[in-house]
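Asker: Pasted the sequence and its predicted model underneath.
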Amino acid sequence: MRFPFWRIGVFIAAAVWPLFWLYQAWADVLGPDPGKVLVDRLGLGTLVVLLMTLSMTPLQKLTGWAGWVAVRRQLGLWCFAYVVLHMSGYTAFILGFDWSQLGVELRKRPYIIVGTLGFLCLLALAVTSNRYSQRRLGARWKKLHRLIYVILGLGLLHMLWIVRADLKEWAVYASIGALLLVLRLPPVARRIPRLMAKKAPSARKA
């Protein structure tokens with residue numbers, strides 16, 4: 001396995017945050033409604049890890065270091081783990097495991113439907129993230145995994161619907177997402193390695 005310490009470090013970092021938030025909820029330091037705060041943090045964590053996953057390929061092209069891409073799949077699976085925790089927290093702390101309230105929640109908060117669509121897309125990517133699926137699906141595998149762009153759009157829309165009163169934080173994540181998408185456009189993606197190659201000789205001369 002390449003970059004074992006880097007992979008282990010990413011694993012530990014990704015695992016620590018949900019555990020820390022759960023500890024805070026248990027220690028009753030998240031305010032009067034710790035369940036809701038926990039659900040919100042897990043949802044935001046899902047978006048952050050999704051953006052980190054999307055940033056691995058541009059970072060590899062910008063730096064030439066293969067370690068970024070080496071943890072891309074792991075980050076994608078962590079993104080799915082976070083959204084599972086997010087939805088589990090919603091079921092436990094918001095619904096109280098009372099499924100009869102779901103219809104009421106959907107009428108009051110239609111953004112839940114958007115979040116659920118994002119979850120289903122992430123589920124499809126997580127299930128097919130293994131090498132067997134890559135071989136089985138062939139060229140269709142890449143097409144399927146382009147759903148990550150749809151997931152980003154759904155995640156940002158889900159967050160926008162929730163934080164309509166304060167768009168500053170949402171604008172930051174939306175801007176990062178837009179930048180990552182621009183960097184993945186074929187004309188831009190092809191220019192990055194050439195630009196870095198031109199800069200490398202300049203740096204050596206200096």
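Answerer: Sure, I can see it. No experiment lies behind these values; they were computed from the predicted model shown. Residues are numbered from 1 along each chain as shown.
Asker: Give me the spatial nearest neighbour of the spatially most central residue of the chain, chain neighbours excluded.
Answerer: Centroid check for the chain by CA atoms, centre = their mean gives Leu50 as the closest residue, at 1.5 Å. Nearest non-adjacent residue to Leu50, counting by CB to CB, 6 or more residues apart in numbering: Cys79, 4.9 Å away. Placement of C-beta: from N, CA and C, glycine included.
Asker: Quick check, pLDDT for that neighbour.
Answerer: pLDDT recorded at Cys79 is 97.
Asker: Let me know the helix or strand that it is in.
Answerer: Assigned by DSSP states H and E, Cys79 belongs to helix 72-89.
Asker: Just the buried positions in that helix, please.
Answerer: The neighbour-count check on helix 72-89 (16 or more other CB atoms under 10 Å) flags 72-87, 89 as buried.
Asker: what mean pLDDT does the helix ranked longest in the chain have?
Answerer: Secondary structure of the chain per DSSP state H: the longest helix is helix 34-63. In this model, helix 34-63 has a mean pLDDT of 93.
Asker: who does it touch, helix- and strand-wise?
Answerer: helix 4-26, helix 67-70, helix 72-89, helix 147-162, helix 168-184, helix 186-205 (3 or more CB pairs under 8 Å, 6 or more residues apart in numbering; DSSP states H and E).
Asker: ok, 10 Å please
Answerer: Packing partners of helix 34-63 (3 or more CB pairs under 10 Å, 6 or more residues apart in numbering; DSSP states H and E): helix 4-26, helix 67-70, helix 72-89, helix 111-127, helix 147-162, helix 168-184, helix 186-205.
Asker: List the buried residues in it.
Answerer: Those would be 34, 37-47, 49-61, for helix 34-63 by 16+ other CB under 10 Å.
Asker: check contacts around the closest residue to Tyr173 other than its chain neighbours.
Answerer: The shortest distance from Tyr173 to any residue other than its chain neighbours is 6.0 Å, reached at Leu47 (CB to CB, 6+ apart). Shown in contact with Leu47 (CB atoms under 10 Å, 6 or more residues apart in numbering): 79, 82-83, 86, 118, 151-152, 155-156, 158-159, 170, 173, 176-177.
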